[in-house]
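J.: Sequence below, structure please.
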Amino acid sequence: MDNPAHVPILQGMGMDSDILIVGGGLNGPCLALALSQAGLTSTVIDALPVETSDDARFDGRSYALALASARLLMALHVWDDVKDNAQPMLEIKASDGRAGEGPAPFFLHFDHAEIEEGPMGYMLEDRFLRHALLTRMQADPNITHLPGTRVVAQDTTGPAAVTLEDGRTLTARLLVGADGRQSGTGARAGIKRQGWDYGQTALVCSLKHDLPHHGIAHQFFMPAGPLAILPLPGNRCSIVWSESHARAAEINALRDDDYLDVLRPRFGDFLGEIALDGDRFTYPLNLTISERFVADRLALVGDAAHGVHPIAGQGLNLGLRDVGALAEVLTDAKRRGEDIASLLVLERYQRWRRFDTATLAASTDLINKLFSNDNPILRAGRDLGMGLINAFPAARRSFIREAAGLTGDVPRLLQGKPL
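T.: Model prediction:
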């Protein structure tokens, strides 16, 4: 039987830290920085060496940070380190498209001027955000960062304990898995996952173009999958281009010039001539949801809890909402004198995040299935439905606020407030 939440146990037992965080990507460091504000110490176990994760060519992705996510970074004092490299998203336009035809007239148009808070969000490249988080972690006395090492075993029957590949054992009050879609932390805890492969691979790269993008993000719904064109600072953009696994492999194997020849008919000429701006990457697309987000002395955040289709650009935003919610639950429990690792405490986090996660996963899954085809009946029906949303200001405003992360039970950090 679990200890009552109000009984503070495992204190003063010489543990390495309050929290062990497995995963040094983006969500893990953000959680460590958030918990530090409450005086909680963390050890972040990062499988990647710093030289790899801090390499400007490491990941290649850019993130559509919702306004609420930017506020979390402000609350963590990270935003000042990245804001000069962030591109405000002022408009979002969605339309059907076919290779060689250019985009059809847009059926959905969101403009930040329709809300009072400012831009709906910001585009930020992984290389800038990751570097800022590494720098902040290294400067924080409450955080121990262990790069280039892996967890090979864990035990949460007493204090949370992990065994590292070099034989060391670390202990803490709570173990958090922030270790991605194939979370070893969740698997070792016996937490099963549900989901499926979309049969799509995302081709990801940055482009230079002749004409200014004016802070407008475009989503072209192509028969094989969506093509997102996302504004970056200057005359640059990030693309997330979905194709079938086989076709994506063929395209990615092409030389740069041939790759662009395939992209141009899909992209169109509305930004003038385009050229590659850096390396190319591919990421297989699937849906994967953990059946539970918590277990005894254990919690999962980010992709370790849920991996969704990037069609709405909400993957990292969903993870940062987890970070804000878990940090708030643990902070409030600490202030009440509760055992922060009690299952009764952790279930508050799970209840908070399950509905939001399930709703977004279902929405992105439906949108991808509805739009990744060329069925004329579905095409006409979906365009009509989106057009009706676009025609009513109240509905449009509601969608804009949702995209900005301003609706629902928003954690304090994502409101820009301290814990």
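
J.: Phi, psi for His131 please.
T.: phi -60, psi -40 (degrees, to the nearest 10).

J.: next one: His306
T.: phi -160, psi 130.

J.: what's the answer for Val176, then?
T.: Dihedral angles (degrees, to the nearest 10) for Val176: phi -120, psi 130.

J.: what do you get for Ile229?
T.: phi -120, psi 110.

J.: Could you give the bridge partners of it?
T.: Beta-bridge pairing of Ile229 under DSSP bridges involves His218, Ile239.

J.: so it makes contact with Ala217?
T.: Yes. Applying CB atoms under 8 Å, one finds Ile229 in contact with Ala217, separated by 7.0 Å. (C-beta placed from N, C-alpha, C; glycine too.)

J.: quick one: the strands in the stretch 151-300 of the chain?
T.: Applying DSSP state E, counting those that start in this stretch to the stretch 151-300 of the chain gives strands spanning 151-155, 160-164, 169-177, 193-209, 216-222, 225-232, 236-244, 274-276, 281-290, 294-295, 298-300.

J.: what's the closest of those strands to Ser62?
T.: strand 236-244 (3.8 Å; CB to CB).

J.: So which elements touch the closest one?
T.: strand 193-209, strand 225-232, helix 256-267 (3 or more CB pairs under 8 Å, 6 or more residues apart in numbering; DSSP states H and E).

J.: check contacts around His145.
T.: With contact taken as CB atoms under 8 Å, 6 or more residues apart in numbering, His145 is in contact with Gly24, Val44, Asp46, Leu134, Met137, Gln138.

J.: can you put these in TSV and add distance to Arg353?
T.: Output for the contacts of His145, formatted as TSV (distance: CB to CB, whole Å):
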residue	distance to Arg353
Gly24	21
Val44	21
Asp46	24
Leu134	26
Met137	24
Gln138	29
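
J.: Can you turn the buried part of those residues into a ChimeraX selection?
T.: Command for ChimeraX that selects the buried part of the contacts of His145, burial taken from 16 or more other CB atoms under 10 Å:
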select :24,44,46,134,137
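
J.: Tell me the one among the contacts of His145 nearest to Pro418.
T.: Met137 (18.7 Å).

J.: how close does the most centrally placed residue in the chain get to Ala295?
T.: By CA atoms, centre = their mean, the chain has its centre lying nearest to Leu316, at 1.1 Å. Remark: distance between Leu316 and Ala295 (CB to CB, to the nearest Å) = 24 Å.

J.: check contacts around the nearest residue to Gly195 once chain neighbours are set aside.
T.: Leaving aside its sequence neighbours, Gly195 sits nearest to Thr288 (CB to CB, 6 or more residues apart in numbering; 3.7 Å). Going by CB under 8 Å, 6+ apart, Thr288 touches Arg181, Arg193, Gln194, Gly195, Asp303, His306, Gly307.

J.: If we use 10 Å, what do you get?
T.: The contact partners of Thr288, by CB atoms under 10 Å, 6 or more residues apart in numbering, come to 180-183, 193-197, 303-308, 361.

J.: which stretches of the chain form helices?
T.: Taking DSSP state H as the criterion, the chain carries its helices at 27-37, 50-53, 67-75, 79-82, 126-139, 184-188, 245-252, 256-267, 315-335, 343-371, 376-391, 393-403.

J.: Can you add mean pLDDT and distance to Ala202 and give those helices back as a markdown table?
T.: Converted to a markdown table, these look like this (pLDDT from 0 to 100; distance: least, CB to CB, whole Å):
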| stretch | mean pLDDT | distance to Ala202 |
| --- | --- | --- |
| helix 27-37 | 98 | 19 |
| helix 50-53 | 91 | 20 |
| helix 67-75 | 97 | 20 |
| helix 79-82 | 98 | 23 |
| helix 126-139 | 96 | 14 |
| helix 184-188 | 98 | 23 |
| helix 245-252 | 97 | 8 |
| helix 256-267 | 96 | 13 |
| helix 315-335 | 96 | 11 |
| helix 343-371 | 85 | 12 |
| helix 376-391 | 62 | 21 |
| helix 393-403 | 77 | 20 |
